[in-house]
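J.: structure for this input, please:
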Amino acid sequence: MISAATRRAFEARVKRAKAPYVRFEMTIDDVERHLTNKPFKPFRLVLRDGDQLDVMRSRLQVAFGLTRLVYVSPNGERRVELGVDQIAGIEILDAAAAS
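T.: This is a model prediction of the structure:
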């Protein structure tokens, strides 16, 4: 169980990261669901530390196991390994942000 103080501190961090959609227990299934949507819609992984990772292509940018995933930036210059517990939320990108 998450204490009220911990929950408030987490919500404040997520608010600073400007994440409109937050769940306290993200799963690999949540990420996979966004990757396999038809048609694919670009989305952003918002991390608990405030970092943001844009996923612009289905399957080509994210590889995952049971509790960890590897993200590669659209231009291939950045590679990030993270646990699903580091993801604060998923934000769908609009058409303007995706282009």
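J.: for the residue lying closest to residue 80 once chain neighbours are set aside, which residues are in contact?
T.: Nearest non-adjacent residue to residue 80, counting by C-beta to C-beta, 6 or more residues apart in numbering: residue 71, 4.6 Å away. (C-beta placed from N, C-alpha, C; glycine too.) By C-beta atoms under 8 Å, 6 or more residues apart in numbering, the residues touching residue 71 are 45, 53, 55, 61-62, 78-82.
J.: return a PyMOL selection command for the buried portion of the residues you listed.
T.: A single PyMOL command selects the buried members of the contacts of residue 71 (16 or more other C-beta atoms under 10 Å):
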select buried, resi 45+53+55+61+62+82
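J.: out of the contacts of residue 71, which is nearest to residue 32?
T.: residue 62 (8.8 Å; C-beta to C-beta).
J.: what's across from that closest one in the sheet?
T.: Following DSSP bridges, residue 62 is listed with bridge partners residue 71.
J.: my read: residue 34 touches residue 43, true?
T.: Yes. Using C-beta atoms under 8 Å, residue 34 is in contact with residue 43, at 5.0 Å.
J.: between these two, what contacts are shared?
T.: Listed as contacting both residue 34 and residue 43 by C-beta under 8 Å, 6+ apart are 55, 90, 92.
J.: how close does the last one get to residue 59?
T.: Relative to residue 59, residue 92 is positioned 17 Å away (C-beta to C-beta, to the nearest Å).
J.: among these two, which residue is more densely surrounded?
T.: Neighbours per residue (other C-beta atoms under 10 Å) separate residue 92 from residue 59, with residue 92 holding more: 14 against 11.
J.: so what's that one up against?
T.: Residue 92 touches 21, 34, 41-44, counting by C-beta under 8 Å, 6+ apart.
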